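Undergrad: take a look and give me a structure for this.
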Amino acid sequence: MFDTLSDRLNNVFDRLRGRGALGEKDVRDAMREVRIALLEADVALPVARDFIARVTERAIGQEVLKSVTPGQQVIKIVNDELITMLGGEDANAGEASPINLDVRPPAVVMMVGLQGSGKTTSTAKIAKLLKEKQGKKAMMASLDVNRPAAQEQLAVLGEQAGVATLPIVPGQQPVDIAKRALESAKLQNVDVLLLDTAGRLHVDEALMAEMKAVASVSTPAEVLLVVDALTGQDAVNVAQSFTDEVPLTGVVLTRMDGDARGGAALSMRAVTGKPIKFAGTGEKLDAIERFHPSRVADRILGMGDVVSLVEKAAESIKAEEAEELANRMMKGKFDLNDLRKQLQQMQNMGGLGMLAGMMPGMKKAKAAMANADMDDKVLVHMDAIIGSMTAKERANPALLNAKRKKRVAAGSGTSVQEVNKILKMHQEMGRAMKQIRKMGGLKGLAAMFGGGGIGGGSPSGAPGLPGGGMPGLPGGQLPPEMQDFLKKK
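TA: Got it, this is the predicted structure:
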């Protein structure tokens, strides 16, 4: 989402880094380019002006102009101000804003927004997240009696998420549905009740009156505005309209995985005065994450987001399987079944593009992948090649002679050359594991860098193999053969 803005800012900062000293004119020229980049990213004009004014004031101070590394100092100031823009002025501005559930149960979360913003899906996503991550008993109720099948849609999503939904009573109006939902939640000892309110194609008096009536009978602990990040500057206008009428407590940005220019996310906090609490990152019900201003700022400035990457790894990689795989590797028993598990872990963590985008210093690698027309289908192709082998061949790759390779290539819809690349990749990874074993295993390698053993972090901080490193080779590097495989056929 922030790729264009990130590229523009990094071009500016690359020039600053190359300067041994910075004068006031250098800083002002750089800030002029930053302002243009923000406006092109659809950031609201008043927000962009305030941001540039704060950064310039600090950047032309003594801490920068007399610094040994002035370019780095300017980047740090921009990073600090980005966090302030995204998260506010308080001490915890860089952290995710918690959802307020510290009230007498059931805590009511009221979802508001325009039609088509992703309100119903976001309701189900948040309910699933609260259930799985915080152990809360949740219930959902649809108050949308205008859009055809809206209530049925929430019921289907509730079934998929494993969250209870209020039974549908045809003809009942929103305020009455809210009252019934509240009574039902109390009887069932529900912790959190999520109300999916109706939307409109545009803000009107009838919509606002309905929102106020529902809020008066349900007394929500949270009123979350759902806005579509793809609508750009218009999302900010919608947020302003709701802020004037409804007591919002937070914002949910949907389609953060899209190709929007990012202006909505950067402007939302300043316009509404309310924190962005969640960000939708895909269509699946688990594709939602808490919004961390500091992590988003790091991504924008090309610093990666190792913390989120580690969290994703912890969710997708089972500790028992990771330790078993580590033990097998150390004993020299790394076969194609193990390689297949590594490839599947990469897919579960979001694929090559997501991994590259969240690792520090991998911005250019991600761009190279895009220019070479590489995508996550290559992981599927690699998995298909290994899947076309017999159980004996996967356990003992040495069995794969020319005839067997032709059969595997035909079965996976690939070529013998690609099968050979997979086998060579496996051999290289096996050799790497033997080298690590000679150095005392993962614990010995980690000790060299002052880190932990199994389950610890690598120097890069990236997850994957137990002990750190992206799936492939220690230190976060992909094997050369995998890089070759990823090249466009």
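Undergrad: which stretches of the stretch 251-400 of the chain form helices?
TA: For the stretch 251-400 of the chain, applying DSSP state H, counting those that start in this stretch gives helices covering 263-272, 293-300, 306-316, 319-330, 336-348, 351-358, 363-371, 377-387, 391-395.
Undergrad: pLDDT of the third one, averaged?
TA: When pLDDT is averaged along helix 306-316, the result is 50.
Undergrad: stretch 219-235 too?
TA: In this model, stretch 219-235 carries a mean pLDDT of 82.
Undergrad: which parts of it are buried?
TA: Going by neighbour count (16 or more other Cβ atoms under 10 Å), the buried part of stretch 219-235 is 220-232, 235. To be clear about C-beta, it is placed using only N, CA and C from the backbone, and glycine gets the same treatment.
Undergrad: equivalent analysis for stretch 137-150, please.
TA: Of all the residues in stretch 137-150, those buried under the rule 16+ other Cβ under 10 Å are 137-145, 150.
Undergrad: burial measure for residue 381, as a count.
TA: Burial of residue 381 is recorded as 17 neighbouring residues (other Cβ atoms under 10 Å).
Undergrad: let the chain start at 58 from now.
TA: With the count now opening at 58, the last piece we talked about shows up as residue 438.
Undergrad: okay, it and residue 444: tell me how far apart.
TA: As judged by Cβ to Cβ, to the nearest Å, residue 438 and residue 444 stand 10 Å apart.
Undergrad: could you do residue 134 as well?
TA: Residue 134 is 51 Å from residue 444, by Cβ to Cβ.
Undergrad: what of residue 281?
TA: Using Cβ to Cβ, one gets 43 Å for the distance from residue 281 to residue 444.
Undergrad: again, but for residue 469
TA: Applying Cβ to Cβ to residue 469 and residue 444 gives a distance of 7 Å.
Undergrad: what does residue 483 give?
TA: Distance from residue 483 to residue 444, by Cβ to Cβ: 15 Å.
Undergrad: and these two? Which one has more around it.
TA: residue 483 (21 against 14).
Undergrad: list the contacts of the more buried one.
TA: Residue 483 sits next to 391-393, 396, 454 when contact means Cβ atoms under 8 Å, 6 or more residues apart in numbering.
Undergrad: and residue 140, how many neighbours does it have?
TA: Neighbour number of residue 140 under other Cβ under 10 Å is 20.
Undergrad: tell me who's in contact with the spatially closest residue to residue 218 that is not a sequence neighbour.
TA: Leaving aside its chain neighbours, residue 218 sits nearest to residue 185 (4.0 Å; criterion: Cβ to Cβ, 6 or more residues apart in numbering). Listed by Cβ under 8 Å, 6+ apart, the contact set of residue 185 reads 218-220, 342-343.
Undergrad: want to throw those residues into JSON lines with pLDDT and neighbour count?
TA: Formatted as JSON lines, those follow (pLDDT from 0 to 100; neighbours: other Cβ atoms under 10 Å):
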{"residue": "218", "pLDDT": "91", "neighbour count": "22"}
{"residue": "219", "pLDDT": "92", "neighbour count": "12"}
{"residue": "220", "pLDDT": "93", "neighbour count": "25"}
{"residue": "342", "pLDDT": "89", "neighbour count": "18"}
{"residue": "343", "pLDDT": "85", "neighbour count": "13"}
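Undergrad: farthest-separated two in these?
TA: 220 and 343 (12.8 Å; Cβ to Cβ).
Undergrad: just to revisit the earlier point, for the contacts of residue 185, give me CSV that also has distance to residue 308.
TA: Listed next are those as CSV, based on distance: Cβ to Cβ, whole Å:
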residue, distance to residue 308
218, 22
219, 26
220, 22
342, 20
343, 20
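Undergrad: just those residues now: which is nearest residue 156?
TA: residue 220 (15.4 Å).
Undergrad: look up the closest residue to the closest one, ignoring the ones flanking it.
TA: Nearest residue to residue 220, sequence neighbours excluded (Cβ to Cβ, 6+ apart): residue 184, at 4.4 Å.
Undergrad: dump the residue contacts of the one you found.
TA: When contacts are counted by Cβ under 8 Å, 6+ apart, residue 184 touches 195-197, 215, 218, 220, 249, 251.
Undergrad: now, the residues you listed that are in helices?
TA: Counting by DSSP state H, the contacts of residue 184 place 215, 218 in helices.
Undergrad: of the contacts of residue 184, just say which sits nearest to residue 94.
TA: Nearest to residue 94 out of these is residue 251 (Cβ to Cβ; 37.6 Å).
Undergrad: isn't that closest one up against residue 163?
TA: No. Using Cβ atoms under 8 Å, residue 251 makes no contact with residue 163, being 9.7 Å away.
Undergrad: find residues that contact each of those two.
TA: The overlap between the contact sets of residue 251 and residue 163 (Cβ under 8 Å, 6+ apart) consists of residue 196.
Undergrad: neighbour count: the two, which is higher?
TA: Neighbours per residue, other Cβ under 10 Å: of residue 251 and residue 163, the larger number sits with residue 251, 31 against 25.
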